[in-house]
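Colleague: pasted the sequence and its predicted model underneath.
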Amino acid sequence: MIRNTILALLLLFPTPLIAISLPTGVVAYNGPIYTNQVLGYANVTSLLAYNASGSKIGVPPYGASLQLNVMLQVNSSSEEYYFWLQNVADFITNESKVFFSNNIWNSTTPFAGINNVTGKGEIYPTLELFSHSSYYAYGTYYTNYNFPFSFYLIINESYDTQGVYVSFGYVILQNGSITPPNPIFYDTVFIPVNNLTSASIIIANQTTPSVNLGIITYLGDYLDAELVWGGFGNGESTTFLNMSSFLALLYIKNGKWVPFSQVYNYGSDTAESTNNLRVTIYKNGDAYVTVGEQEPGLLTTNFGPSIPGFLYLNISSKVPFLINNVLSRNFSGYVSAPISLGFFTNYSINSSSFAVLHGSYPSLIEPNVSWFKIINIIPNYTYYYLVKVNSSIPVIAIVNGKQVTLNNTNWFAQGTQINIINYTYYNGSNERYIISSIFPSQSFNISSPLNVNITTIKQYQVIINSNVPVYLNGKRVNGSVWINANTAVKINASIPFYEVGRFIGNYNLTSGGTLVVNEPIVETLQLSINTMLLLEMTVAIVVLAIVIALILRKRR
């Protein structure tokens, strides 16, 4: 840790005469402020650090860290304790890798160690004289990051009479692309304290207790809240080759996140530092960190950062909607200011499609200022599609289980099941139509506008009255038959040789004649004696009788 003497010098000489290396970012010293949650926001758009001597002190040369550091004050019935809490994003800047780690140090005195705490991590000795003897630490696995890389660091504390629970977490908002918030508390540490009466994170313009050893005074640590860039670890001071980041530092007050109003641009407690970062207030109110000459001092007394917020809104709709009176087709992002919404109740997509809205939806989305929340809005639209039916006969169908007669133009909701009945339509008793084809098919599900074509064949009834077998085109007919319109038919009858017949009706044909069916037909076969055949037979008999008589006369 950097000793408080540096801070004292800075307060006396706001513009140092010599170059120094400091943890740089956003820091709150003034108070007293008591809270149980502190949050650091960062939006990193460029990052590259390098320290050629890094390997000599056991850190990667391209390493860097962004630290959220606060002081925890714990009171028991007889003692007062201080614990320094660190939640850190550790970067390997040349490989675009990051992991999250935490430290807890006992700052009750400059030499105090830590013991008996429980969490996912371990207690490590420092093995250094005139320093804290031990500390607690834990770290996650590495993960890859992409620019813009935007996230929150969170430290939360709660307590009971047995001790304090400290949770360390992070929320990634953007890793190349914006993502919904998923708060991850990667470690919760229990610090046992007997007869505990109170505990809180404290920010105040004072330090933890100092220790005097003869003529030397070992100063305590400042009760500050820090969100600062520095080296990777082990007290490293690094140089940033590239840096562009937006920072904000907030705490929970009366259930809402509020920024620390008076902030400085340097920290005093953490040992990791840098010598070439500059902090300014950007036009959106954020603290903006770039490579530049350090000017340690007061940053602003009216810090008003414009962070993305805690409410993630996602609107997924096939139908356009109004967002702040602007027509939009999609929205995904964080809500940092009120957003007005408008959804069409009836929307015409085109001449053959429209949508009808069901249900109620919010007209105003207010930012959430207490905790992370996701709102997904999927407007429930029913889509209707035009179904045109081209047919010369009425079309009967089963629509969602109910029999209906379709019109030439019909509007059906998406998903409607239609099954067209293949039936015969009678136009009177002697004329009918049969369905020969249905396009696209007899059964279908409505998912888009559709043209349905029904192809029919007209038929006429042909009635043949006859006491003998009759054949139409070689097929025997018994009574009546239905024949396609405009069909040529050859009519034959099995007439005894001694009779002749004629079909009396529409065509008045003899057997073997051809007719064209272009209307209902009734033909009756009328039979009569074949007089020609009878005459021929009579003549034959007479001739035969004469011949026989002549033969008999010659014999005599």
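Modeller: Cool, the structure landed. Numbers count the residues shown, from 1 in each chain.
Colleague: every contact and neighbour count from this point should use C-alpha atoms.
Modeller: Noted.
Colleague: my guess is residue 31 meets residue 204, correct?
Modeller: Yes - taking contacts as CA atoms under 8 Å, residue 31 lies within contact range of residue 204: 4.2 Å.
Colleague: now residue 112: which helix or strand?
Modeller: Residue 112 is part of no helix or strand, with elements assigned from DSSP states H and E.
Colleague: give me the distance between it and residue 131.
Modeller: Going from residue 112 to residue 131 by CA to CA, to the nearest Å gives 8 Å.
Colleague: and if you look at residue 155?
Modeller: To residue 131, residue 155 is 25 Å away according to CA to CA.
Colleague: the more surrounded of the two?
Modeller: residue 155 (25 against 15; other CA atoms under 10 Å).
Colleague: for beta bridges, what are the partners of residue 196?
Modeller: Bridge pairing for residue 196 (DSSP bridges) gives the partners residue 76.
Colleague: so it is in contact with residue 77, correct?
Modeller: Yes - counting by CA under 8 Å, residue 77 is a contact partner of residue 196 at 6.5 Å.
Colleague: okay, the two: which has more neighbours?
Modeller: The residue with more neighbours, out of residue 196 and residue 77, is residue 196; 20 against 10, by other CA under 10 Å.
Colleague: tell me the contacts of that one?
Modeller: Listed by CA atoms under 8 Å, 6 or more residues apart in numbering, the contact set of residue 196 reads 74, 75, 76, 77, 160, 161, 162, 163.
Colleague: equivalent analysis for residue 35, please.
Modeller: Residues in contact with residue 35 (CA under 8 Å, 6+ apart) are 200, 201, 202, 251, 252, 253.
Colleague: hmm, the first one is touching residue 80, no?
Modeller: No - no contact is recorded between residue 200 and residue 80 when judged using CA under 8 Å, the distance being 11.8 Å.
Colleague: ok, residue 477 touching residue 469?
Modeller: Yes - assessed by CA under 8 Å, residue 477 is found in contact with residue 469 at 7.4 Å.
Colleague: higher neighbour count, these two?
Modeller: More crowded of residue 477 and residue 469, by other CA under 10 Å: residue 477, with 20 against 15.
Colleague: run through the residues that contact that one.
Modeller: Neighbour list for residue 477: 464, 469, 470, 471 [criterion: CA under 8 Å, 6+ apart].
Colleague: reformat those residues as TSV; add pLDDT.
Modeller: Converted to TSV, the contacts of residue 477 look like this (pLDDT from 0 to 100):
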residue	pLDDT
464	89
469	88
470	86
471	87
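Colleague: quick one: distance of stretch 475-492 to the chain centre.
Modeller: Mean-position distance between stretch 475-492 and its chain equals 65 Å (CA atoms, centre = their mean, to the nearest Å).
Colleague: average pLDDT for that stretch?
Modeller: Mean pLDDT, stretch 475-492: 90.
Colleague: same thing with stretch 521-532?
Modeller: Mean pLDDT, stretch 521-532: 81.
Colleague: what does stretch 37-53 give?
Modeller: Rounded mean pLDDT across stretch 37-53 is 97.
Colleague: what residues does it touch?
Modeller: With CA under 8 Å, 6+ apart as the test, stretch 37-53 has contacts from 61-64, 68, 70, 93-94, 147-157, 201, 227, 237-252, 307.
Colleague: now, which of those residues lie within strands?
Modeller: The strands, defined by DSSP state E, take in 63-64, 68, 70, 149-157, 201, 227, 237-252 from the contacts of stretch 37-53.
Colleague: just the buried ones out of the residues you listed, please.
Modeller: Buried members of those, scored by 16 or more other CA atoms under 10 Å, are 63-64, 68, 70, 149-157, 201, 227, 237-241, 243-252.
Colleague: pull the distance from stretch 502-512 to the chain's centre.
Modeller: Distance of stretch 502-512 from its chain centroid, counting by CA atoms, centre = their mean, is 77 Å.
Colleague: and if you look at stretch 334-344?
Modeller: Chain-centre distance of stretch 334-344: 18 Å, with CA atoms, centre = their mean.
Colleague: check which residues of that stretch are buried.
Modeller: Residues 334, 335, 336, 341, 342, 343 are the ones in stretch 334-344 that count as buried (16+ other CA under 10 Å).
Colleague: same thing with stretch 76-83?
Modeller: 76, 81, 82, 83.
Colleague: wait, isn't the last one in contact with residue 110?
Modeller: No - in this structure, residue 83 sits apart from residue 110 without contact. The criterion is CA under 8 Å, and the distance is 11.2 Å.
Colleague: show residues contacting stretch 397-405.
Modeller: By CA under 8 Å, 6+ apart, stretch 397-405 touches 394, 395, 396, 406, 416, 417, 418, 419, 420, 421.
Colleague: and if you look at stretch 147-155?
Modeller: Residues outside stretch 147-155 that contact it (CA under 8 Å, 6+ apart): 37-46, 68, 85, 87-88, 166-177.
Colleague: mind giving me the ChimeraX select for the residues you listed, buried ones only?
Modeller: Selection of the buried residues among the contacts of stretch 147-155 in ChimeraX, burial being defined by 16+ other CA under 10 Å:
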select :37,38,39,40,41,42,43,44,45,46,68,85,87,88,166,167,168,169,170,171,172,173,174,175
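Colleague: returning to what we had before: could you dump the contacts of residue 477 to JSON lines with secondary structure?
Modeller: Output for the contacts of residue 477, formatted as JSON lines (DSSP: H, G, I helix; E, B strand; the rest coil):
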{"residue": "464", "secondary structure": "strand"}
{"residue": "469", "secondary structure": "coil"}
{"residue": "470", "secondary structure": "strand"}
{"residue": "471", "secondary structure": "strand"}
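Colleague: of these - the most surrounded one?
Modeller: In the contacts of residue 477, the most neighbours by other CA under 10 Å go to residue 464, 24 neighbours.
Colleague: tell me the bridge partners for it.
Modeller: Residues in beta-bridge contact with residue 464 (DSSP bridges): residue 523.
Colleague: okay, and the common contacts of residue 200 and residue 80?
Modeller: 73, 74.
Colleague: list the residues that contact residue 453.
Modeller: By CA under 8 Å, 6+ apart, the residues touching residue 453 are 389, 390, 391, 438, 439, 440.
Colleague: hmm, 10 Å instead?
Modeller: Shown in contact with residue 453 (CA atoms under 10 Å, 6 or more residues apart in numbering): 388, 389, 390, 391, 392, 437, 438, 439, 440, 441.
Colleague: name the element the closest residue to the third one other than its chain neighbours belongs to?
Modeller: Closest residue to residue 390 in three dimensions, ignoring its sequence neighbours and counting by CA to CA, 6 or more residues apart in numbering: residue 453, at 4.9 Å. When elements are assigned from DSSP H and E, residue 453 belongs to strand 450-465.
Colleague: for the stretch 101-250 of the chain, which segments count as strands?
Modeller: 122-125, 134-139, 143-144, 149-160, 163-175, 177-178, 184-192, 196-207, 211-213, 216-218, 222-223, 225-230, 237-253 (DSSP state E, counting those that start in this stretch).
Colleague: least confident of those, on average?
Modeller: Set side by side, these show their lowest mean pLDDT on strand 216-218, which sits at a mean of 73.
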